[in-house]
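Trainee: build the 3D model from these lines:
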Amino acid sequence: MARHDRTLSPAAVPDAATTPPLAAPEKPAGRSRKKIVLMIVALAVIGGLAYVGQGWWTTGRFMVDTDDAYVTADITLISSRVQGYVAAVEAVENQTVKAGDVLVRLDDGDYAIALDVAKSRVATADDTLARIDAQIDAAEAGVAQARAMRDVAGAQLRTATTTAERTEKLSRDNVASQAQLDTATEGLDTATASIANADAAIAAAEAQVAVLQAQRAEAEGTTRELELAVDQAARNLDLTVLRAPADGTLANLTLEVGDLVAPGARLAALVPTQKLYIEANFKETQMPGIHPGATVHITFDALPDVEYEGTVDSFAPATGSVFSLLPADNATGNFTKVVQRVPVRIAIPADALDTGLLRAGLSAVVEIDSRTGNGAVMAAK
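Mentor: Numbers count the residues shown, from 1 in each chain. Okay, the predicted model is just below:
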């Protein structure tokens, strides 16, 4: 009998009512949660990349940045213009001072004496001028007297001329004697000589006045020189007091009472803390995107959690290597091209300066928006 012809016994046939149904295979729950998490992470990554990409496309690609940037100040070096010993030090290291505040006083004894000597010389010169003025007045009086004598001589000449003419006429008519004619002629000659003498006296008196006036002009020049010497002595006396030339913080003060100060020697430094700026060194390949007046996003290492907004002030006229102590000589056989950097001056906003935490030499990170500034060309959106 074939195998398919075999019949099962009733006991061997399963009863549908009594046989339990087969259970369906269970799906693991952990796998579903894992897929959900992966999908969320993928969506987050895609969203983050989209956000970053959108930020780069709209803003980031226009930003020119560098971390080669430092806070800088135009530091004033304090020095003396006169020599002297330090009498008093009125300021201390790191003190905030105002323009005109006294920093150091030098011993001013020698300069005070020099001022008194200069003033006494001016007084002597003034007395000399007064004496010359009196002599000029006397000489001018002599000129007036000589001119008066000239008038007298003129009157005498006219009288002598009339007498001589009358006597000569009377002599021709045999009324006057020859002796009378000779006397009249002599009187005329004397009156004529008196005129010449009076003219010479006037010329001499006027020459004396001219000489005295020249002496007065010379004395005036000397007096002016002495007055300038007084001004110089007073200035030297005032220079014995060293004052702050501007507002700022005093630093590197190396003076003690009794030190001898030489003219031009560096005594201290004054840092204008409210006139700080940033000097950022950008690569020459970055310069086409930088324009004066451009907006700059600034982050200071000393203030890491705050971002400030400054502006591009100006560019240096040469790269930093040009102003170095030993500039590179590229005209050599072993030349290697190095990307140069151009110093860019960036103005620091007032709110950053007002914190009082910025110091010259601090590091900063700057980002310049190439879409802003004078001459910037807005990119197509």
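
Trainee: now do the strand ranked longest in the chain: which elements does it pack against?
Mentor: Secondary structure of the chain per DSSP state E: the longest strand is strand 303-315. Packing partners of strand 303-315 (3 or more Cβ pairs under 8 Å, 6 or more residues apart in numbering; DSSP states H and E): strand 295-300, strand 341-347, helix 350-353. Yep, even glycine has a C-beta here, placed from its N, CA and C like the rest.

Trainee: now do that strand, average pLDDT.
Mentor: pLDDT averaged over strand 303-315 equals 90, rounded to a whole number.

Trainee: could you list the domains of this protein?
Mentor: Domain assignment for the chain by automatic domain parsing gives 76-107+241-270, 109-239.

Trainee: dump those into CSV; add mean pLDDT as well.
Mentor: Written out in CSV, the entries for the domains of the chain read as follows (pLDDT from 0 to 100):
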stretch, mean pLDDT
domain 76-107+241-270, 92
domain 109-239, 84
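
Trainee: can you add distance to residue 63 and mean neighbour count and give the ones you listed back as JSON lines?
Mentor: JSON lines is the format used below for the domains of the chain (distance: least, Cβ to Cβ, whole Å; neighbours: other Cβ atoms under 10 Å):
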{"stretch": "domain 76-107+241-270", "distance to residue 63": "33", "mean neighbour count": "16"}
{"stretch": "domain 109-239", "distance to residue 63": "51", "mean neighbour count": "15"}
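
Trainee: tell me which of those sits nearest to residue 346.
Mentor: With distances scored as Cβ to Cβ, the stretch of the domains of the chain nearest to residue 346 is domain 76-107+241-270 (20.1 Å).

Trainee: and the residue nearest to residue 69 when sequence neighbours are not counted, how far from residue 298?
Mentor: In space, and not counting its chain neighbours, residue 69 is closest to residue 280: 3.7 Å by Cβ to Cβ, 6 or more residues apart in numbering. For residue 280, the distance to residue 298 under the criterion Cβ to Cβ, to the nearest Å works out to 9 Å.

Trainee: longest helix of this structure?
Mentor: Residue-count comparison of every helix in the chain, with assignments taken from DSSP state H, identifies helix 109-172 as the longest.

Trainee: output the contacting helices and strands for the next helix or strand after that one.
Mentor: Elements were assigned by DSSP states H and E; along the chain past helix 109-172, the next helix or strand is helix 178-239. Applying 3+ Cβ pairs under 8 Å, 6+ apart, one finds that helix 178-239 makes contact with helix 109-172.

Trainee: please report the distance of the closest residue to residue 246 other than its chain neighbours from residue 282.
Mentor: What sits nearest to residue 246 in space, not counting adjacent residues and going by Cβ to Cβ, 6+ apart, is residue 99, at 5.1 Å. Computed with Cβ to Cβ, the distance linking residue 99 and residue 282 is 34 Å.

Trainee: check contacts around residue 134.
Mentor: Listed by Cβ atoms under 8 Å, 6 or more residues apart in numbering, the contact set of residue 134 is empty.

Trainee: my guess is residue 168 contacts residue 180. True?
Mentor: No - under the contact definition of Cβ atoms under 8 Å, residue 168 does not touch residue 180, with a separation of 9.9 Å.

Trainee: just to revisit the earlier point, wait, a strand at the residue nearest to residue 69?
Mentor: Yes - secondary structure of residue 280 (DSSP: H, G, I helix; E, B strand; the rest coil): part of a strand.

Trainee: identify the residues contacting it.
Mentor: Under the criterion of Cβ under 8 Å, 6+ apart, the contact partners of residue 280 comprise 66, 68-70, 343-344, 346, 364, 366.

Trainee: related to what we said a few turns ago, now do the buried residues in the longest strand of the chain.
Mentor: If you call a residue buried by 16 or more other Cβ atoms under 10 Å, then strand 303-315 has these buried ones: 303, 308, 310-312.

Trainee: mind listing the strands for the stretch 1-150 of the chain?
Mentor: Secondary structure of the stretch 1-150 of the chain (DSSP state E, counting those that start in this stretch): strands at 63-72, 76-79, 84-89, 96-97, 102-106.

Trainee: pretty sure residue 142 contacts residue 207?
Mentor: No - the pair residue 142 and residue 207 fails to qualify as a contact (Cβ under 8 Å) at a distance of 10.6 Å.

Trainee: any common contacting residues for these two?
Mentor: Going by Cβ under 8 Å, 6+ apart, no residue sits against residue 142 while also sitting against residue 207.
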